[in-house]
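**Student:** 3D, please:
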Amino acid sequence: MLDNMEQIYLAIVLAPLAGSLISGLFGKLIGRSGAHWVTIIGVAISSILSMVAYKHHMFDGGGVYNEAVYTWLSSGGITFEIGFLIDPLSVTMMVVVSFVSWMIHIYTIGYMHDDSGYQRFFSYISLFTFSMLMLVMSNNFLQLFFGWEAVGLVSYLLIGFWFKKETAIFANLKAFLVNRVGDFGFLLGIAAVLMYFNSLDYAEVFSKVGDHADTTIMIFGNEPWSLMTVICICLFIGAMGKSAQVPLHVWLPDSMEGPTPISALIHAATMVTAGIFMVSRMSPLFELSETALNFILVIGAITALFMGFLGLVQNDIKRVVAYSTLSQLGYMTVALGASAYAAAMFHLVTHAFFKALLFLGAGAVIIVMHHEQDMRKMGGLYKSMPITWITCFFGTLALIGFPGTSGFFSKDAIIEAVHYSDLAGATFAYYSVLFGVFITALYSFRLFFMTFHGEQRMDVETWKHLHEAPAVVTVPLSVLAIPSLILGAFLIGPMLFGDYFGDAIVVSSTHNVLAEIGENYHGVMLFTLHAFKHPPVYLAFAGIFVAWLCYIKFPELPARIVDKFGIIHKILVNKYGFDDFNQIVFAGGVRNIGQILWKFGDVNIIDGLMVNGSAKSVRWFSSKIRKIQTGFLYDYAFVLILGLLTLLAIFVHQILV
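**Tutor:** Got it, this is the predicted structure:
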């Protein structure tokens, strides 16, 4: 059975890679239909086999699989390997990544139908799926870093897919550079692990963490630093870039310049959740540093609340969903800081389905609206797009945590977990995520009402031709709507309060907030009823009510609020000045430093002194030397006699001495 499972694990990874290579290298030969069939079949194989692996591990009693596929390098007694660690944590991610990717591949047929880069796009998204699977299935830091950088590279290609648009090129370069900042910290963390643990293998590193719990190192001055704190913060800086946490969040909203399927694939279920998965995987390390956990709590809380505020002032339908993603990633990060890793993973899973649904729903609207993305030019679409309307309604309910939906169970669990935490940053985090519930409901139903309800604000020609999106678009929406509604009810018991993750996640007894919550858990129904005793449910209802007042009952009200609180609105529209700060201080500063270095270093020193200077020196010396080449015989005879006299003088001098 083990040999069969090894083959299955290899097939899960290699099937999307094969589809990507065939579509990318032979796209013209196989045509457009061939490109989408080969990649969809590859991802479908990966998804089905991931479900087989899930059944094997979660229901058939299959043990943890941790083996090397091959050795890449051996140096100095350290072995660098490519291998797989298949346990409940990784197999859950495998199912989520491959299944959501499968639905997005199918959806892409309709969305990219008329695009000239059709084959190239399918090659990229299949390659992205391969990269993400390599990341989540890795059993060592080397392969983790490979997958980490590979998804970053492919996201760069996908965000800038329409490379003739200047905004797309700016967005993909911005994403690439911001992630390099995070990845620098990530690489430092991995280097520290290698330096002190002398291994990059997860199992070996985790087995030695107790030996380094009290290890200190010197970084600046004579003040000792906790080794585990330094490693964990460096690793989390990598997660801040990949999972778009403040202040490394600025790339994600601009990445909406890519086609909508990429917005769903990268920013809902896969790349942006890589940081959440990584910290959960590294829980044996993070549990040894309360400083790192507090840092994570505060960063996540700031992101959850303040990125939600920005969703209130966006008019681009995809950017609203993008800021929603930022806020929800903040919720997951807060759960990590509270040591509720299982709750973070639970929300990651439910969020993957309802956020992919919302992105794809937004894409369906964009298709019908002839690629118009401004919600102020929409309205009343529920009459013409009933399937898109109802599926987006379900996704919106899940996003705001409406009782009974998947998002309700996972988000409520996070809020409760933070409430139980004793860490210093927990109080700030609790009130941030609590008020964030109201903000989430407000911007989510603002989008829903402005898009599907109210008066129709599009031009007459668009209004006359409104219709439902094609079946290749609506079928994935319908499929994703099902887990968005019901998955949470099935997973909450085993994933949060059971032994779902086993030894894959480690939580110290002093931080085990989920165990405290689990003492009062008595089933899905009672958990739902119990929620009505706490503020989050009523804050969500309040957000819906305020959105209805502002965008259905009194649509003139938002303009009045803007007039009254113009300065706050301006701050939010300017995104708290992060983009301006980066443009002026970082980008502008780097450009200015580059200009100075170019002028004084390249022009004056390298070109002026070394390159041009040496050429001028040779030219001057040559101009002097060539004067002795006169062409007259008596000049050469004179030089010959002068040379002989010099040699004779040297000879006589040697004899006399």
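**Student:** Going by contacts, tell me the helices and strands next to the longest strand belonging to the chain.
**Tutor:** Counting residues, the longest strand found in the chain (DSSP state E) is strand 65-75. Contacts defined by 3 or more Cβ pairs under 8 Å, 6 or more residues apart in numbering; DSSP states H and E place strand 65-75 against helix 2-25, strand 78-86. C-beta coordinates here come from the backbone N, C-alpha and C atoms, glycine included.
**Student:** try 6 Å
**Tutor:** Where contact means 3 or more Cβ pairs under 6 Å, 6 or more residues apart in numbering; DSSP states H and E, strand 65-75 is packed against strand 78-86.
**Student:** Give me the angle between the strand it packs on and strand 65-75.
**Tutor:** Calculated by axes from the mean of the first three to the mean of the last three Cα atoms, to 10 degrees, strand 78-86 forms an angle of 160 degrees with strand 65-75.
**Student:** and strand 78-86, what does it pack onto?
**Tutor:** Looks like strand 78-86 contacts strand 65-75 (3+ Cβ pairs under 6 Å, 6+ apart).
**Student:** and the strand it packs on, how far out from the chain's middle?
**Tutor:** 27 Å (Cα atoms, centre = their mean, to the nearest Å).
**Student:** Equivalent analysis for stretch 344-355, please.
**Tutor:** 14 Å.
**Student:** just stretch 363-373 next, same as before
**Tutor:** Here stretch 363-373 is found 25 Å from its chain centre; the criterion is Cα atoms, centre = their mean.
**Student:** Tell me which helix or strand in this structure has the weakest average pLDDT.
**Tutor:** Least confident helix or strand of the chain, by mean pLDDT, DSSP states H and E, is helix 588-596 with a mean of 69.
**Student:** Tell me which strands the longest strand of the chain pairs with, and in which orientation.
**Tutor:** strand 78-86 (antiparallel) (DSSP bridges).
**Student:** is it true that Y430 touches H419?
**Tutor:** Yes. The pair Y430 / H419 is scored as a contact, 5.3 Å apart, by Cβ atoms under 6 Å.
**Student:** Who has more neighbours out of those two?
**Tutor:** Y430 (21 against 18; other Cβ atoms under 10 Å).
**Student:** Poorly predicted segments of this protein, please.
**Tutor:** Applying pLDDT under 70 to the chain flags residues 1-2, 267-269, 585-591, 594, 598, 601-604, 607-611, 627-628, 630, 657.
**Student:** And the strands in it?
**Tutor:** Using DSSP E, the strands of the chain run over 65-75, 78-86, 216-218, 224-226.
**Student:** Can you lay out these as TSV showing mean neighbour count?
**Tutor:** Below are the strands of the chain laid out as TSV (neighbours: other Cβ atoms under 10 Å):
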stretch	mean neighbour count
strand 65-75	13
strand 78-86	19
strand 216-218	12
strand 224-226	15
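**Student:** With F408 as the reference, measure out to F130.
**Tutor:** F130 is 34 Å from F408, where distance means Cβ to Cβ, to the nearest Å.
**Student:** quick one, helices of the stretch 301-450 of the chain?
**Tutor:** Ranges of helices within the stretch 301-450 of the chain are 317-337, 341-368, 386-400, 406-420, 426-452, based on DSSP state H, counting those that start in this stretch.
**Student:** And for the stretch 551-657 of the chain?
**Tutor:** Going by DSSP H, counting those that start in this stretch, the stretch 551-657 of the chain shows helices at 557-564, 566-573, 578-581, 588-596, 612-625, 633-656.
**Student:** how many neighbours does the residue nearest to L297 when sequence neighbours are not counted have?
**Tutor:** Nearest residue to L297 in three dimensions, chain neighbours excluded: G337, at 3.2 Å (Cβ to Cβ, 6 or more residues apart in numbering). Using other Cβ under 10 Å, G337 is surrounded by 29 other residues.
**Student:** try A150
**Tutor:** 17.
**Student:** Return the distance of it relative to T92.
**Tutor:** Separation of A150 from T92 (Cβ to Cβ): 21 Å.
**Student:** picking up where we left off before, P261 is nearest to which of the helices of the stretch 301-450 of the chain?
**Tutor:** Evaluated over the helices of the stretch 301-450 of the chain, closeness to P261 peaks at helix 341-368, with 6.9 Å, by Cβ to Cβ.
**Student:** Show me what the closest one is packed against.
**Tutor:** Right, helix 341-368 is packed against helix 88-111, helix 260-264, helix 274-281, helix 317-337, helix 386-400, helix 406-420, helix 471-492 by 3+ Cβ pairs under 6 Å, 6+ apart.
**Student:** Export the ones you listed as CSV, with columns for distance to G643.
**Tutor:** Shown next, in CSV, are the helices and strands packed on helix 341-368 (distance: least, Cβ to Cβ, whole Å):
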stretch, distance to G643
helix 88-111, 83
helix 260-264, 79
helix 274-281, 77
helix 317-337, 83
helix 386-400, 95
helix 406-420, 93
helix 471-492, 92
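**Student:** Pick out the residue closest to the middle of this structure.
**Tutor:** In the chain, the centroid-proximal residue (Cα atoms, centre = their mean) is V272; its distance is 2.5 Å.
**Student:** OK, contacts around it?
**Tutor:** Listed by Cβ atoms under 6 Å, 6 or more residues apart in numbering, the contact partners of V272 are 243-244.
**Student:** please redo it, this time with the cut-off set to 8 Å
**Tutor:** Residues counted as contacts of V272 (Cβ atoms under 8 Å, 6 or more residues apart in numbering) are 242-244, 252, 266, 325, 329.
**Student:** Out of those, which sit inside helices?
**Tutor:** Counting by DSSP state H, the contacts of V272 place 242, 252, 325, 329 in helices.
**Student:** measure T325 to E416 for me?
**Tutor:** Counting by Cβ to Cβ, the gap from T325 to E416 is 23 Å.
**Student:** In this structure A340 contacts A413, no?
**Tutor:** Yes. At 7.3 Å, A340 counts as touching A413 under the criterion of Cβ atoms under 8 Å.
**Student:** So for the two, which residues contact both of them?
**Tutor:** Each of L514 lies in contact with both A340 and A413 under the rule Cβ under 8 Å, 6+ apart.
**Student:** Highest neighbour count among the ones in helices among the contacts of V272?
**Tutor:** Busiest of the ones in helices among the contacts of V272 [other Cβ under 10 Å] is L329, holding 31 neighbours.
**Student:** Roughly how far does that one sit from G110?
**Tutor:** Taken as Cβ to Cβ, the span from L329 to G110 is 28 Å.
**Student:** can you check D183 too?
**Tutor:** Counting by Cβ to Cβ, the separation of D183 from G110 is 35 Å.
**Student:** swap in L153?
**Tutor:** L153 is 27 Å from G110, where distance means Cβ to Cβ.
**Student:** More neighbours: which of these two?
**Tutor:** G110 (20 against 14).
**Student:** I figured that one was touching E468, is that so?
**Tutor:** No. Contact criterion Cβ under 8 Å: G110 and E468 do not qualify, at 11.5 Å.
**Student:** For L85, name its beta-bridge partners.
**Tutor:** Assigned bridge partners for L85, using DSSP bridges, are N66.
**Student:** dump the residue contacts of it.
**Tutor:** Neighbouring residues of L85 by Cβ under 8 Å, 6+ apart: 64-66, 137-139, 202-203.
**Student:** Now with 10 Å, please.
**Tutor:** Neighbouring residues of L85 by Cβ atoms under 10 Å, 6 or more residues apart in numbering: 64-67, 91, 136-140, 143-144, 201-203, 281, 504.
**Student:** now do V43
**Tutor:** 15-16, 19-20, 97-106, 122, 125-126, 129-130, 133.
**Student:** For it, which non-adjacent residue is spatially closest?
**Tutor:** W102 (4.8 Å).
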